[in-house]
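Colleague: Below are the sequence and a predicted model for it; my questions follow.
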Amino acid sequence: MNANKKFLIFALTAVVTMIMISSVLIFVPGFTQKKDKQIEKKSVKPGDSITTGKLPKNDTTLLVDNRKVFIKTCRQKKKGTFLLLHGWNLPAEDWCNKTELCSKVIEQGYCVVMPDMGKSVYQEKDYPETRTDWRSEPTRSWLSDTLIPMLQKKYSLLLNTENNYIVGLSTGARGVALVLLDFPELFKGAAALSGDYNQLTLPTDYLTTAYYGPITKFKDRWEKPDNPIMRIKEFKTPIYLGHGKLDKVVPPEQTVMFYDSLKKNHPALKIILNMPDAKHDYVYWGSEVDNFLKFFGILKKEN
């Protein structure tokens with residue numbers, strides 16, 4: 001065999017060997033091509049402001065895990081987002097339909113997000129004792145761990161870099177307090193109307209019992225993690241508190257108790273309490289709109 005044939009055989013053998021080695025490396029654990037690294041997806045955690053999507057141009061209704069989420073877009077350059085939390089089993093859009101809240105904040109350059117929380121009491125999770133037909137209702141974990149990060153990433157809503165506010169009424173007011181604990185830096189201000197904040201003082205409350213079980217057996221569930229008063233030291237967000245003195249649905253003392261606890265533990269925190277002669281209805285809740293918008297500092301000044 002001459003030298004040329006020997007060289008050709010050697011060269012072919014080397015090429016085949018290199019191909020075999022490359023094929024094996026592809027299947028070796030831990031071996032990742034540079035191209036694959038470039039398309040890795042970054043996970044989004046609550047409070048992150050990673051965006052890949054665009055703000056909806058028109059009012060939109062999303063379906064997230066079979067739950068409706070209503071979005072109303074601002075009419076000018078977006079300043080931030082309002083998150084509205086409704087009361088137990090009330091229509092999510094009542095805030096917009098029965099008060100001037102949405103029209104006023106949209107005029108000022110804010111978007112509005114209204115998730116349909118159904119019969120939720122903004123609990124972190126359900127338990128074996130939770131009423132069976134209510135286990136399909138959304139939890140606060142869904143709101144905080146799924147919905148808010150998705151809105152940030154996909155629709156550029158509730159971004160940390162903007163001015164966001166959260167408001168709630170009735171059970172949604174307690175939801176406001178609890179979401180503030182999940183996101184201590186996300187909201188510039190909050191408003192909570194006609195809410196309850198300490199389940200321990202309402203031991204026969206049907207809704208609390210239906211979700212957590214009786215207080216006599218599961219007192220720990222009534223204490224934490226869904227009791228704002230028991231977590232009072234964690235609050236950081238300025239908050240406007242309102243409650244009608246004539247409320248026959250939720251005791252007004254609940255809001256007074258929450259206010260006193262906040263003032264005692266956070267004397268430097270900006271807090272306002274308003275207790276007019278009003279009931280548990282949209283007549284009262286609508287009358288508070290200008291008050292808490294003024295508290296937030298975004299109410300348009302009239303000439």
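Modeller: Happy to help now that I have it.

Colleague: SS state for Gly168?
Modeller: Three-state assignment for Gly168 (DSSP: H, G, I helix; E, B strand; the rest coil): strand.

Colleague: I'd guessed it sits against Leu85; true?
Modeller: Yes - contact criterion C-beta atoms under 8 Å: Gly168 and Leu85 qualify, at 3.5 Å. Where C-beta positions appear, they are placed from N, C-alpha and C, glycine not excepted.

Colleague: all strands of the stretch 51-200 of the chain, in order?
Modeller: 60-64, 67-72, 80-85, 110-115, 165-169, 189-193 (DSSP state E, counting those that start in this stretch).

Colleague: Is it possible to get CSV of these that adds mean pLDDT and mean neighbour count?
Modeller: Below are the strands of the stretch 51-200 of the chain laid out as CSV (pLDDT from 0 to 100; neighbours: other C-beta atoms under 10 Å):
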stretch, mean pLDDT, mean neighbour count
strand 60-64, 91, 13
strand 67-72, 94, 20
strand 80-85, 96, 27
strand 110-115, 96, 25
strand 165-169, 98, 27
strand 189-193, 98, 26
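
Colleague: Turn those strands into TSV, including distance to Pro149.
Modeller: Listed next are the strands of the stretch 51-200 of the chain as TSV, based on distance: least, C-beta to C-beta, whole Å:
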stretch	distance to Pro149
strand 60-64	11
strand 67-72	13
strand 80-85	13
strand 110-115	13
strand 165-169	16
strand 189-193	19
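
Colleague: Could you point out which of these sits nearest Tyr282?
Modeller: strand 165-169 (8.6 Å; C-beta to C-beta).

Colleague: Can you check which residues contact both of Gly168 and Leu85?
Modeller: Gly175, Val176 (C-beta atoms under 8 Å, 6 or more residues apart in numbering).

Colleague: Could you give the secondary structure assignment for Ile215?
Modeller: Assigned with three-state DSSP, Ile215 falls in the coil class.

Colleague: Quick one: residues contacting it.
Modeller: With contacts defined as C-beta under 8 Å, 6+ apart, Ile215 is in contact with Gln199, Leu200, Pro203, Thr208, Thr209, Trp222.

Colleague: ok, back up a step: do you know which of the strands of the stretch 51-200 of the chain lies nearest Lys98?
Modeller: Lys98 lies closest, by C-beta to C-beta, to one member of the strands of the stretch 51-200 of the chain: strand 165-169, at 10.5 Å.

Colleague: still on that earlier bit, so which of the contacts of Ile215 wins on neighbours?
Modeller: Compared across the contacts of Ile215, Gln199 has the highest neighbour count, 26 neighbours, by other C-beta atoms under 10 Å.

Colleague: Do I have it right that it meets Met230?
Modeller: No - using C-beta under 8 Å, Gln199 is not in contact with Met230; the gap is 9.1 Å.

Colleague: Keep only those of the contacts of Ile215 that are in helices.
Modeller: If you go by DSSP state H, the contacts of Ile215 have Thr208, Thr209, Trp222 in helices.

Colleague: Export those as TSV, with columns for pLDDT.
Modeller: Listed next are those as TSV, based on pLDDT from 0 to 100:
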residue	pLDDT
Thr208	93
Thr209	95
Trp222	94
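
Colleague: What count of nearby residues applies to Asn265?
Modeller: The number of residues packed near Asn265 is 12, by other C-beta under 10 Å.

Colleague: Ok, Asn97 next?
Modeller: So Asn97, with other C-beta under 10 Å, has 9 neighbours.

Colleague: again with Lys217
Modeller: Count around Lys217 with other C-beta under 10 Å applied: 10.

Colleague: wait, isn't Cys96 in contact with Ile106?
Modeller: No - with contact defined as C-beta under 8 Å, Cys96 does not reach Ile106; the gap is 9.2 Å.

Colleague: shared neighbours of the two, anything?
Modeller: Lys72, Val112.

Colleague: just the helices in the stretch 201-303 of the chain please.
Modeller: According to DSSP state H, counting those that start in this stretch, the stretch 201-303 of the chain carries its helices in the segments 206-212, 219-223, 253-265, 282-287, 289-296.
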